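**Q** Take this sequence and fold it.
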Amino acid sequence: MVIEKTFGSKAFDVLLVVLLVGIALLCVLPLWYTLVISLSENAAASSGRVGLWPVGFNFSSYKEIMGDSKFFNSFWVSIQRVVLGSTLNFVIIILMGYPLSKNAKDLPFRNVLMWILVFTMLFNGGLIPWYQTVKSFGLINNIWALVLGNSVPVFSVILVINYFRNLPKELEEAALVDGAGPWYMLVKIYVPLAVPVLATVTLFSIVYHWNEFFNGLVLMSSADHYPLQTYIQQLVVIIDAQTMTAEQIQKMSELSNQTLNAAKIFIAMIPVLVIYPFLQRFFIHGITLGSVKE
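**A** As a prediction, this is how the structure comes out:
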């Protein structure tokens, strides 16, 4: 039966559409403005004359980036970090999520292990002990310092645990009757059924490793080892000139090109913008089922 909508319901639908369009524009506007700045003249950008359309449209900033070896070196470091870090996260999340999804009868001390896992979400040893630990392993100025620092994303592990716990128990019982072992059930049953949540946590890992800059700033003493976001952060951070040496001031003046920095920031956003649409269809399903507790 078709129910005719009242004027109030129609007005609410229009208001809802306008609100969602407004929110979408608020999300897109910073990306558009960064692109507009990168395509404008440096003088116009520095004087604040650039609005929603480029002033003095040109590609000079992007042409200059093509000759910036430091930018491409940091880009390559970030690619290595994303590939190594996301792969390591993926393996650890599965290997932790599967056994911890069992009950205490099947996995002794399971509840203790879960409490330890949750404890690490709330507390940590602090910045200095963390740095000293990384240094003691000889990982300073090493790509593995960026990879191993967040090799166990606890929130993602909990999502996968809850997703596994919501899968039908009859599947495991049938597999056991057929003689399947734990590894076979994990690879052939659980992982294929958990594609939505695994795609979701993989997206989390990719975005984290690509956007995180602080670890690179602390653990890399040489700019040649900076990941992309650390390199860009050094360009756009506000620094007090009174605390800088003459050499540092000269270096910052060489880098204070607003349109060039905007072009670098926009290029840095492209990989995530390209990857997200392919994983987005799994996002809501993975988050919803992974967050439900029995």
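**Q** quick one: low-confidence parts of this protein?
**A** Residue ranges of the chain with pLDDT under 70: 1-4, 235-256, 279-294.
**Q** So which residue is dead centre in it?
**A** Val207 (1.6 Å; CA atoms, centre = their mean).
**Q** got the phi/psi numbers for that residue?
**A** Dihedral angles of Val207 (phi, psi; degrees, to the nearest 10) stand at phi -60, psi -40.
**Q** Return the distance of it relative to Thr200.
**A** Here the criterion is CB to CB, to the nearest Å. By it, Val207 lies 11 Å from Thr200. For the C-beta atoms, the positions are set from N, CA and C on the backbone; glycine is no exception.
**Q** With Tyr62 instead?
**A** When CB to CB is applied, the distance between Tyr62 and Thr200 equals 33 Å.
**Q** Between these two, which has more neighbouring residues?
**A** For the pair Tyr62 and Thr200, the greater number of neighbours falls to Thr200 (26 against 16), based on other CB atoms under 10 Å.
**Q** shouldn't that one be in contact with Leu159?
**A** Yes - taking CB atoms under 8 Å as the definition, Thr200 is a contact partner of Leu159 at 7.0 Å.
**Q** residues in contact with the residue nearest to the centre of the chain?
**A** Applying CB atoms under 8 Å, 6 or more residues apart in numbering to Val207 gives the contacts Val272.
**Q** switch to 10 Å and redo it
**A** Under the criterion of CB atoms under 10 Å, 6 or more residues apart in numbering, the neighbours of Val207 are 82, 86, 271-272, 275-276, 279.
**Q** Then Ser74?
**A** Shown here is Ser74, whose contacts under the criterion CB under 10 Å, 6+ apart are 68, 216, 223-232, 234, 264, 268.
**Q** so Ser60 sits right up against Ala263, yeah?
**A** Yes - with contact taken as CB atoms under 10 Å, Ser60 and Ala263 are classed as touching, separated by 9.2 Å.
**Q** of those two, who's got more company?
**A** Using other CB under 10 Å as the criterion, Ser60 and Ala263 rank with Ala263 on top: 24 against 17.
**Q** quick one on the thing from earlier: kindly indicate which of the contacts of Ser74 lies nearest Gly138.
**A** The shortest distance between Gly138 and any of the contacts of Ser74, using CB to CB, involves His225 and amounts to 13.9 Å.
**Q** Can you tell me the closest non-neighbouring residue to that closest one?
**A** Counting by CB to CB, 6 or more residues apart in numbering, Asn141 is the residue found nearest to His225 once chain neighbours are left out, at 5.0 Å.
**Q** picking up where we left off before, need the overlap of contacts for Ser60 and Ala263.
**A** Shared contacts of Ser60 and Ala263, defined by CB under 10 Å, 6+ apart, are found at 38-39, 257.
**Q** got the residues you listed as TSV, with neighbour count, distance to Ile128 and secondary structure columns?
**A** Putting the shared contacts of Ser60 and Ala263 into TSV (neighbours: other CB atoms under 10 Å; distance: CB to CB, whole Å; DSSP: H, G, I helix; E, B strand; the rest coil) gives the following:
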residue	neighbour count	distance to Ile128	secondary structure
Ser38	25	39	helix
Leu39	23	44	coil
Asn257	18	36	coil
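**Q** can I get those residues in a markdown table with distance to Glu170?
**A** A markdown table is the format used below for these (distance: CB to CB, whole Å):
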| residue | distance to Glu170 |
| --- | --- |
| Ser38 | 56 |
| Leu39 | 58 |
| Asn257 | 63 |
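**Q** For Phe137, grab phi and psi.
**A** Note on Phe137: backbone dihedrals following degrees, to the nearest 10 are phi -90, psi 0.
**Q** my guess is it contacts Trp144, does it?
**A** Yes - here Phe137 reaches Trp144: they are 8.6 Å apart, a contact under CB under 10 Å.
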